[in-house]
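Peer 1: With the input below, show me the fold.
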Amino acid sequence: MGIGLVDPILPAISHELGASPSQTMLLFTSYLFITGAAMFFTSWVSSRIGVKRTLIAGLVLVVVFAALAGASGTVDAIIGFRAGWGLGNALFISTALAAIVGAASGGARQAIVLYEAALGVGLAVGPLVGGLLGTLSWRGPFFGTAALMAIALIAILVLLRQPKRGSDAAAEPAPVVEKVSIVAGFRALRNPALRSLSIVALFYNFGFFVLLAYSPYPMEAAAASLGLEFGAHELGLVFFGWGLALAITSVLVAPVLTRRIGLRPVLFAMLTGLTVCLLLLGFFTGNLTGLVVVVIISGLLLGVMNTALTEAVMEATDLPRNVASSTYSGVRFMGGAVAPAVAGPISEAMGAGVPYWFGAASIVVAMVVLGFAGKHLAHIGRAHETAVEEAQDITAGDA
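Peer 2: Model prediction:
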């Protein structure tokens with residue numbers, strides 16, 4: 001839920017704090033940049049202090065920095081606190097699913113299904129709650145995130161037991177606590193398959209976060225041209241639809257498509273569809289209905305793409321799974337960090353539709369890289385090795 005809580009209030013922050021859209025979108029940049037950079041080291045941290053302590057440390061940081069962001073009086077302060085929030089996010093998401101698998105009594109695969117279901121509900125409900133809280137104050141979603149993460153922190157402290165070595169339940173998560181080198185994440189990029197997919201994810205995530213972080217502004221402007229008010233509540237409803245679409249296809253549609261037509265064809269198809277959506281958004285910047293419809297439709301494509309790309313990373317390398325997934329996510333988040341930083345200035349200098357076209361061009365680059373990487377990815381699409389290995393990669397991929 002915390003991922004989407006803040007998105008509906010970006011225009012409100014701009015108005016209340018006298019900040020430009022370019023400044024406000026840096027809330028995403030500082031958050032994603034620190035999350036991505038920290039991802040290269042989270043497998044080393046969790047291998048030293050353990051999964052539970054890593055989760056607790058991540059949640060404490062999110063609670064503290066989300067509350068500080070809500071109490072801030074300037075956009076620069078919020079940008080800084082979002083960076084600390086990003087560090088906590090990296091520590092938490094890098095180990096969350098592995099902890100769920102280790103604690104589950106009903107089997108690893110059931111735990112993964114529960115995790116995916118919870119993630120999907122959270123992605124959908126987060127913007128809706130953010131919109132409702134944002135109608136009270138732009139500070140509401142920040143304090144709401146702090147409260148939600150505090151609940152999660154208490155739940156982990158009280159309910160999550162440390163795995164006992166030698167037990168059946170703890171036997172599977174062993175790779176998570178196996179000590180790794182502090183530079184293992186960077187060394188993993190020597191693997192050509194992982195490097196290729198990470199670059200694909202870098203450019204894909206640029207387009208993804210152009211859509212997510214920038215879209216509230218042209219929607220608000222299009223509504224204003226019609227004499228309508230399109231505030232946090234309305235934006236929350238739009239991104240609720242987007243998140244719901246993403247959740248449904250990531251859990252229910254993506255596995256069916258990848259089994260029937262293969263991972264690489266699915267990746268190419270979704271990237272093509274997303275390119276079309278971004279091009280359409282660039283043309284629809286003055287059309288509120290067009291923007292809303294295309295954003296929600298893009299959620300259907302993004303859900304399939306996220307799952308398929310994670311599965312591709314899962315099967316592309318024989319590197320330790322926690323290292324490979326953290327490295328992939330570290331590179332991927334960098335693409336997300338760059339997108340909001342450039343979308344605002346491009347919009348101000350070249351027009352409201354141009355950031356979407358830059359996003360579409362970035363997706364095309366991702367497809368080119370995926371095409372040239374074919375010889376390194378010929379083996380993907382085979383059956384997964386174990387449910388635990390699947391869990392460790394989905395954790396970082398879904399983030």
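Peer 1: how deep is residue 252 tucked in, by neighbour count?
Peer 2: Around residue 252 there are 13 other residues, counting by other Cβ atoms under 10 Å. Where you see a C-beta, it was placed from the backbone N, CA and C, and this is true even at glycine.
Peer 1: try residue 288
Peer 2: Around residue 288 sit 22 other residues, with neighbours defined as other Cβ under 10 Å.
Peer 1: Repeat that for residue 367.
Peer 2: Other residues within reach of residue 367 by the criterion other Cβ under 10 Å amount to 18.
Peer 1: how far away is it from residue 115?
Peer 2: When distances are taken as Cβ to Cβ, to the nearest Å, residue 367 and residue 115 turn out to be 29 Å apart.
Peer 1: And residue 274, by the same measure?
Peer 2: In this structure, residue 274 and residue 115 are 25 Å apart, going by Cβ to Cβ.
Peer 1: Kindly report the same for residue 141.
Peer 2: In this structure, residue 141 and residue 115 are 24 Å apart, going by Cβ to Cβ.
Peer 1: So for the two, which sits in the more crowded spot?
Peer 2: residue 141 (32 against 20).
Peer 1: what about the strands in the protein?
Peer 2: Across the chain, reading from the start of the chain, there are no strands by DSSP state E.
Peer 1: Where does pLDDT dip in it?
Peer 2: Low-confidence segments of the chain, defined by pLDDT under 70, are located at 97-98, 101-114, 116-117, 162-180, 184, 314, 319-322, 375-399.
Peer 1: count of neighbours near residue 230?
Peer 2: 19.
Peer 1: Got phi/psi on it?
Peer 2: The phi and psi torsions at residue 230 (degrees, to the nearest 10) take the values phi -130, psi 80.
Peer 1: next one: residue 352
Peer 2: phi -70, psi -30.
Peer 1: go on, residue 20?
Peer 2: Residue 20 adopts backbone torsions of phi -80, psi 160, taken as degrees, to the nearest 10.
Peer 1: same check, this time on residue 286
Peer 2: Geometry field for residue 286 lists phi and psi as phi -100, psi 10, criterion degrees, to the nearest 10.
Peer 1: Report the separation between the residue nearest to it when sequence neighbours are not counted and residue 245.
Peer 2: The spatially closest residue to residue 286, leaving aside those adjacent along the chain, is residue 222, at 5.6 Å (Cβ to Cβ, 6 or more residues apart in numbering). For residue 222, the distance to residue 245 equals 20 Å [Cβ to Cβ].
Peer 1: now swap in residue 308 and tell me
Peer 2: In this structure, residue 308 lies at 16 Å from residue 245, with Cβ to Cβ as the measure.
Peer 1: neighbour-wise, which of these two wins?
Peer 2: It is residue 308, of residue 308 and residue 245, that has more neighbours when counted by other Cβ under 10 Å, with 27 against 21.
Peer 1: quick one on the thing from earlier: just to check, the residue nearest to residue 286 is in contact with residue 295?
Peer 2: No. Contact criterion Cβ atoms under 8 Å: residue 222 and residue 295 do not qualify, at 11.8 Å.
Peer 1: quick one: contacts for the residue nearest to residue 286?
Peer 2: In this structure, residue 222 makes contact with 230, 285-288, 291, judged by Cβ atoms under 8 Å, 6 or more residues apart in numbering.
Peer 1: please redo it, this time with the cut-off set to 10 Å
Peer 2: Under the criterion of Cβ atoms under 10 Å, 6 or more residues apart in numbering, the contact partners of residue 222 comprise 228, 230, 284-292, 352.
Peer 1: Same question for residue 213.
Peer 2: Neighbour list for residue 213: 6-7, 10, 21, 24-29, 32, 336, 339-341, 343-344, 355 [criterion: Cβ under 10 Å, 6+ apart].
Peer 1: From these, which land in helices?
Peer 2: Counting by DSSP state H, the members of the contacts of residue 213 that fall within helices are 10, 21, 24-29, 32, 336, 339-341, 343-344, 355.
Peer 1: now the helices for the stretch 51-200 of the chain?
Peer 2: 51-70, 75-93, 96-103, 108-136, 140-159, 168-171, 174-177, 184-187, 192-209 (DSSP state H, counting those that start in this stretch).
Peer 1: just the CA coordinates of stretch 292-308, formatted as CSV?
Peer 2: C-alpha atoms of stretch 292-308 as CSV (Å, rounded to 0.1, in the frame of the first residue of the first chain):
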residue,chain,number,x,y,z
VAL,A,292,-7.6,8.0,-17.6
VAL,A,293,-8.5,5.2,-19.9
VAL,A,294,-5.0,4.6,-21.3
VAL,A,295,-3.4,4.8,-17.8
ILE,A,296,-5.7,2.1,-16.6
ILE,A,297,-5.2,-0.1,-19.7
SER,A,298,-1.5,0.3,-19.2
GLY,A,299,-1.9,-1.4,-15.8
LEU,A,300,-3.0,-4.5,-17.6
LEU,A,301,0.2,-4.6,-19.6
LEU,A,302,2.5,-3.6,-16.7
GLY,A,303,1.2,-6.5,-14.5
VAL,A,304,2.1,-9.1,-17.1
MET,A,305,5.4,-7.4,-17.9
ASN,A,306,6.5,-7.3,-14.3
THR,A,307,5.8,-11.0,-13.7
ALA,A,308,7.3,-12.1,-17.0
